[in-house]
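# Any chance you can model this:
(2 chains)
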Amino acid sequence: MSTNEANAVLPTPRKLVVNSLAEEAGIWLFVFKTLLAFYLTGWLAMRLSLPQPSSAMLTTIIVANRQSGMVLAKSFYRCIGTLAGAVAAFFIVGLFPQQRELFLAALSLWVGLCAGGATLYRNFTSYAFVLAGYSAAIIAIPVINDPPAVFDSAVARISEVLLGLLVSGVVSDIVFPSRMRDVLRRTAHAQFAHFIGFVQGSTGGNIARDSMEKAHLRFVRDAVALEDLRSSVIFEDAEARARSGHMLLFNQRFMAASTSFQSLHHLINRLQRGAHTAAAQALIALYAPIGTALDAPIEAGAAARVLLPRLVTARQQMAALAVTLRDRLASDSQALDFDTGATLLNRFADELRDYVDSAASLQSTGRLANSVERVRFTRGNDFMDAGLATLRTTMTMLALGAFWIASAWPMGASAMLVATIFAGLFATRPHPNQAVKAMTLGYAVGMSAGFVCVFFVLTRMDGYMLFVAGSAPFLIAGLVAMMWPSLASHGLGYSMGFAYILAVKNTMVFDPVNFMNDSIAQIVGLAFTAIAFVVVPPAIGSRWLRRRQLERLRRQVGLAANAPLAGLRHRFESVNHDLFSQVVEQTEPGSNDSRALLAWALAVHETGRALIELRNDMVASPLPTDVSRAIALAVGVLARFYENPDTAGYLLARDSLNSAIRAASENAIARPLLNHLQLIRLGLLDGDSVLADYMPVAPISTETAHAS
Amino acid sequence: MPREIALGDALVPGLLVVFVASLAVLWLLDWIAGRFGLYRLVWHPSLFRLALFVCVFGSFALLLF
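Got it, this is the predicted structure:
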């Protein structure tokens, strides 16, 4: 016993040391690569005699990241943003070469609009918007007194940024690259294994509601994480780019299958709670072949293809089984419940097969067929938040511009530039106030370190190698801090402040007065940004925005009910997932808000999908006018209820749904639609769901509700 | 090679234009290589990509010289 324990304990500290060493090695590799890119860029910029080598060097700090794919993705968008900003700068200078007020107003508006646009995206695309904004400012503001120089300014800025990007890209891609492709592959594989395992484990039929909610949370996170990874990996790896369409399809099918899966389990749960245990048992029995089919050892690589034929067999078994199971059921209403469940189960089986199919094609190493369905991952955006970001950034710029004009402050341009940069960069963060504070602190410390470095160390140094030796120790501190999660913002601020204030030039200028003035201007600019975030608080994370997002989530039912059908399923699923994950990121797990949100998300998901399937079937088979009118009415009322949930709306929705079911059951052609309608109705009647709050106080007995 | 190229009467360094153009060409070649899985035949894809870029950039510059 004791020896066993000793054996079990002994490797742990050793492992701990090895693990932490591996972690440290990663950090120092990052530091080394960033330093290499930084000084290589500086040297090249000086050889090419660019006017401001320091801004090329700053670029390498800004795009620095441990993952090669991240660096390349950020570089790509930085390149686009810089070019767009240069064009905008031309226009603004060309429009108002002589009126400084109009010039500053136009520039502020442009920067604000770009900051607003940035909040609409959640990957590096948002970075391109921020850059388009502040590149225009960086190019235009220094030439405010000499408009024709804007061309030189733009060319210099573009050359510097491109040089910095080239060097960072090459260094991070070639010197010990750390690939995100492997992370993506692992994530996709984990998603697949988890989902298949979960489905297989739950064929017994009983999943408690809260474990279902947890599973839903995990599915949504998986789907969004995969999409985020995919959008960065395509820059790193040409093959991943070629497979990107398949990856998107894989993810969409995952979302579709997981939604159907949940609907199915909610249905089974409901039937078991009501007096319909027989139907529930029959459904669970019908479900069994899928469980057996998935019960294959999931190994790396071959897993998905092994499952495919088994799923096809399971589907055939289910079709045969359905007939016998249905015959055993006693009453008509039970048969109806069973049919509803069977339709859902068939839908799920088909979607599962599609999902496994695209997993298999992704796992195969050969060339992929080109005929992949075109899908997009649509995001759910809030334009109000974008408006706020625009307002805030524009206001910051205007206030600083007015102050600059009124005080004739020689360093006004410098303050304005730094304010532009940070107001844009932080608009997309969830907690900008803390980030700005940390950044300002880091920036101040970085500039102090810069003072020591420039006036006490670099004055004694001569030549590039000595410059590297003299400044690298200061920079290393910031880069290491960037890798510590708790100090990341401080570290970034420190490194940026240091690299900025170093202001390396071919003929180094040592001017303490200018140095101090510039430092003060930088801090003032940052302080203005911090104030702006207090005056116009960011909507992200606020209760108000959360309520709005919840409303948008509910309005998704309206989308499912009214939007054109082409591509609607993918659109519905991806917007749902994106909205949901946004709100999840901003709520505390386990809080009341988060529980209410989860409950709503489940209801919206289920009802929305059922509505889409219903509408698809309605288009496929022409219906008599009175039936289709009754159904359309019920769909419309339901969408309105979700938009504005109250008791009256609930009753109206329930009654119109009942009459639609009555109308459909009287007509032979409309029978297939009955299953979808029944599914929606059972969801509406579920006393455990979030809709329970709107039900009339006296509970309707399930039997009378079944009066069809 | 003309050291500067006039774009709409604004003088732009010739190398910058060539650089941007060769980036675009590299993007295209990279896309083709990824599409047909050519990178599987190469030992170190990113080194290969860099070498390819140097070739493209160099040959453009030589053409204009």
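
# How about the contacts made by the residue in chain B positioned nearest to chain A?
Taking CB to the nearest CB, chain A has its nearest neighbour within chain B at B:G34, 2.6 Å off. (Each C-beta comes from the backbone N, C-alpha and C, glycine too.) By CB atoms under 8 Å, 6 or more residues apart in numbering or on different chains, B:G34 lies in contact with A:237-242.

# For it, give its distance to A:H189.
21 Å (CB to CB, to the nearest Å).

# wait, A:V535 sits on A:L391?
No: between A:V535 and A:L391 there is no contact under CB atoms under 8 Å: 9.9 Å.

# So for residue 9, what's the pLDDT?
No chain in the question, so chain A it is. With respect to pLDDT, A:V9 has a value of 47.

# should've been chain B
On pLDDT, B:D9 comes in at 70.

# average pLDDT for stretch A:403-415?
For stretch A:403-415, mean pLDDT rounds to 84.

# what sits up against it?
Against stretch A:403-415 from outside (CB under 8 Å, 6+ apart): A:100-101, A:104, A:141-142, A:144, A:400-401, A:416, A:517-518, A:520-522, A:524-525, A:528.

# and the gap between the residue in chain A positioned nearest to chain B and A:S358?
Going by CB to the nearest CB, chain B is nearest to A:A238 of chain A, at 2.6 Å. Separation of A:A238 from A:S358 (CB to CB) stands at 21 Å.

# so which strand or helix has the closest residue to the residue of chain A closest to chain B other than its chain neighbours?
In this structure, A:A238 finds its nearest non-sequential neighbour in B:G34, 2.6 Å apart by CB to CB, 6 or more residues apart in numbering or on different chains. B:G34 belongs to helix B:14-35 when assigned by DSSP states H and E.

# For that helix, what is the distance to the chain centroid?
Computed by CA atoms, centre = their mean, to the nearest Å, the chain-centroid distance of helix B:14-35 equals 4 Å.

# circling back to that earlier point, I'd assumed B:W27 was in contact with the residue of chain A closest to chain B.
No: counting by CB under 8 Å, A:A238 does not reach B:W27; the two are 9.9 Å apart.

# more neighbours, the two?
Using other CB atoms under 10 Å in any protein chain shown, the more surrounded residue of A:A238 and B:W27 is A:A238, with 23 against 12.

# Can you check what pLDDT the model gives the more buried one?
pLDDT, read off for A:A238, is 72.

# residue nearest the centroid of chain B?
Central residue check for chain B by CA atoms, centre = their mean: the C-alpha nearest the mean position is that of B:S22, 2.4 Å away.

# can you list the domains in chain A?
Following automatic domain parsing, one gets these domains for chain A: A:15-178+A:380-535, A:180-236+A:244-363, A:543-705.

# Mind putting these into CSV with mean neighbour count?
Shown next, in CSV, are those (neighbours: other CB atoms under 10 Å in any protein chain shown):
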stretch, mean neighbour count
domain A:15-178+A:380-535, 20
domain A:180-236+A:244-363, 19
domain A:543-705, 18
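
# which bits of chain A sit near chain B?
Contacts of chain A with chain B, taken as CB under 8 Å from any CB of the partner chain, map to A:68, A:151, A:155, A:158-159, A:162, A:170, A:173-174, A:177, A:237-242, A:366-367.

# Kindly recompute the last result at 6 Å.
Within chain A, the positions near chain B by CB under 6 Å from any CB of the partner chain are A:151, A:155, A:159, A:170, A:173-174, A:238-239, A:241-242, A:367.

# Export those as JSON lines, with columns for secondary structure.
Shown next, in JSON lines, are the residues of chain A next to chain B (DSSP: H, G, I helix; E, B strand; the rest coil):
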{"residue": "A:F151", "secondary structure": "helix"}
{"residue": "A:V155", "secondary structure": "helix"}
{"residue": "A:S159", "secondary structure": "helix"}
{"residue": "A:V170", "secondary structure": "helix"}
{"residue": "A:D173", "secondary structure": "helix"}
{"residue": "A:I174", "secondary structure": "helix"}
{"residue": "A:A238", "secondary structure": "helix"}
{"residue": "A:E239", "secondary structure": "helix"}
{"residue": "A:R241", "secondary structure": "helix"}
{"residue": "A:A242", "secondary structure": "helix"}
{"residue": "A:R367", "secondary structure": "coil"}
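
# What is the subsequent helix or strand relative to the helix ranked longest in chain A?
Longest helix in chain A, counting residues (DSSP state H): helix A:11-47. Sequence order places helix A:53-62 as the next helix or strand after helix A:11-47, per DSSP H and E.

# What are the contacting residues of that next one?
Applying CB atoms under 6 Å, 6 or more residues apart in numbering or on different chains, the contact partners of helix A:53-62 are A:37-38, A:41-42, A:45-46, A:160-161, A:163-164, A:168, A:495-496, A:499, A:503-504.

# relative to helix A:11-47, how tilted is it?
The directions of helix A:53-62 and helix A:11-47 differ by 160 degrees, with axes from the mean of the first three to the mean of the last three CA atoms, to 10 degrees as the criterion.

# mind exporting helix A:53-62 as CSV, just the C-alpha atoms?
This file holds the C-alpha atoms of helix A:53-62, laid out as CSV (Å, rounded to 0.1, in the frame of the first residue of the first chain):
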residue,chain,number,x,y,z
PRO,A,53,12.5,52.5,-38.4
SER,A,54,10.8,52.6,-35.0
SER,A,55,7.3,52.2,-36.4
ALA,A,56,8.4,49.1,-38.4
MET,A,57,9.8,47.7,-35.2
LEU,A,58,6.6,48.5,-33.3
THR,A,59,4.7,46.5,-35.9
THR,A,60,6.6,43.4,-34.9
ILE,A,61,5.7,43.8,-31.3
ILE,A,62,2.0,44.4,-32.1
